[in-house]
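**Q** Test case, fold it:
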Amino acid sequence: MDEDRKIIARIINGSVDQYRKLVEKYQQPVYRVILKMTGDAENAKELTQDVFVRAYESLEQYNPEYKFFSWVYRIAINTALAFIKRQKRFVHAEHLPEIAEENFNEHDGERMQIIKQTLQKMPVNYKTVIVLKYYAGCSYADIATITGEEEKKVKSRLFDGRKLLKKQLLEKGLFNNF
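**A** I've put the predicted structure just below:
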């Protein structure tokens, strides 16, 4: 039993003050992934609080076979997706992950802006796996747990998302030398 599971067991047995340890451990990663999905810092703060309230209220439903990290990230992604759906808007380009930044020098801001704008317009199901993989550094297994899909589907969606991203970037004149 890892430390998170021990803390959860104590919380369920009445030591509710222990929940603070989980919040402190995961608050920043959850906030960052919500920020990347929504593109709005103030809303990301509120949504992060909502995630931890929902997680606390649902703690007895947590399955200790899975990592708490994956479970709370799933709540965060679902919360962010619901917010995006309610707002009916795209993620702001300046808040998207710096994907493939190592291919550019620090003075190549125009290309990075094109990548961000292209990601902004991608379907949310591709954007979600791309953000989780390349921003949050999640494994395929973690992404599968977070999104509630099979790992094979995650790999397929990530492959298709990268393919779509590459196609759109090629159409905009990026990577023509490849």
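
**Q** Neighbours of Ile114, how many?
**A** Using other Cβ atoms under 10 Å, Ile114 has 16 neighbouring residues. Where you see a C-beta, it was placed from the backbone N, CA and C, and this is true even at glycine.

**Q** Now do it against Ile130, distance only.
**A** Distance of Ile114 to Ile130, computed by Cβ to Cβ, to the nearest Å: 16 Å.

**Q** ok, now Leu164?
**A** From Leu164 to Ile130 the distance is 10 Å (Cβ to Cβ).

**Q** Mutual contacts of the two, please.
**A** Common contacts of Leu164 and Ile130 (Cβ atoms under 8 Å, 6 or more residues apart in numbering): Met122.

**Q** which one of the two has more residues nearby?
**A** Neighbour count, other Cβ under 10 Å: between Leu164 and Ile130, Ile130 has more, with 22 against 15.

**Q** Is the more buried one in a helix, a strand, or coil?
**A** Following DSSP: H, G, I helix; E, B strand; the rest coil, the label given to Ile130 is helix.

**Q** thinking it is in contact with Gln120, fair?
**A** No - look at Ile130 against Gln120 with Cβ atoms under 8 Å: they stay out of range, at 11.5 Å.
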